[in-house]
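Asker: What follows is a predicted protein model with its sequence.
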Amino acid sequence: MGKKIWLLISLVLTVVLIWWISKPSNDTTVVYYLPEGFKGCFNIYFNQPKEKELEIIDDTLLLVVPENGDILTSSPSKFITDLGWHKNKAFYID
């Protein structure tokens, strides 16, 4: 019985430690605006010449998904991956 309790305590502490280490490392929130009724997947195409760069304003990265589902940006994919753990939100818009 004693070994089971120590095993359970060790497991709980390990989970808490992993959660604490991997929690969001910044306050950035990625917000997706989807067209009303949008279903399926969308794609982000990076390094597209003459397209607008992604930018974070007030700790928010806003991505407006067009009807065809293809977001074009001149930013490199590293822009998103360098965010690390972050919050996501998605909304349908008219």
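Answerer: Sure thing, it's come through.

Asker: For Pro66, which non-adjacent residue is closest in space?
Answerer: Excluding its sequence neighbours, the residue lying closest to Pro66 (CB to CB, 6 or more residues apart in numbering) is Pro35, at 7.3 Å. Quick note: C-beta positions are derived from backbone N, CA and C, even for glycine.

Asker: the strands in the protein, which residues?
Answerer: Ranges of strands in the chain, per DSSP state E, are 29-35, 43-45, 56-57, 60-64, 70-72, 87-93.

Asker: Can you say which of those is nearest to Ile5?
Answerer: strand 87-93 (35.9 Å; CB to CB).

Asker: Okay, now the sheet partners of the closest one, with direction.
Answerer: Neighbouring strands of strand 87-93 in its sheet, by DSSP bridges, are strand 29-35 (parallel).

Asker: For the strand it pairs with, buried residues please.
Answerer: Thr29, Val30, Tyr32, Leu34, Pro35 (16 or more other CB atoms under 10 Å).

Asker: For Ile21, see how far away the fourth one is.
Answerer: To tie it back to what came earlier, the one meant is Leu34. 32 Å (CB to CB, to the nearest Å).

Asker: Over to the second one?
Answerer: Plainly put, Val30 is 21 Å away from Ile21 if you go by CB to CB.

Asker: ok so, going back, residues contacting the residue nearest to Pro66?
Answerer: For Pro35, the contact set (CB atoms under 8 Å, 6 or more residues apart in numbering) comprises Val65, Pro66, Glu67, Tyr92, Ile93.

Asker: ok, which pair from those residues is furthest apart?
Answerer: Using CB to CB, the two most remote members of the contacts of Pro35 are Pro66 and Tyr92, lying 13.7 Å apart.

Asker: starting at the chain centroid, how far to the longest helix seen in the chain?
Answerer: When the chain is parsed with DSSP state H, its longest helix is helix 2-22. The chain centre lies 27 Å from the centre of helix 2-22; the measure is CA atoms, centre = their mean, to the nearest Å.

Asker: neighbouring contacts of it?
Answerer: Contacts for helix 2-22 (CB under 8 Å, 6+ apart): Trp85.

Asker: before we move on, what about stretch 71-86?
Answerer: By CB under 8 Å, 6+ apart, stretch 71-86 touches 22-26, 28-30, 42-54, 61, 63-65.
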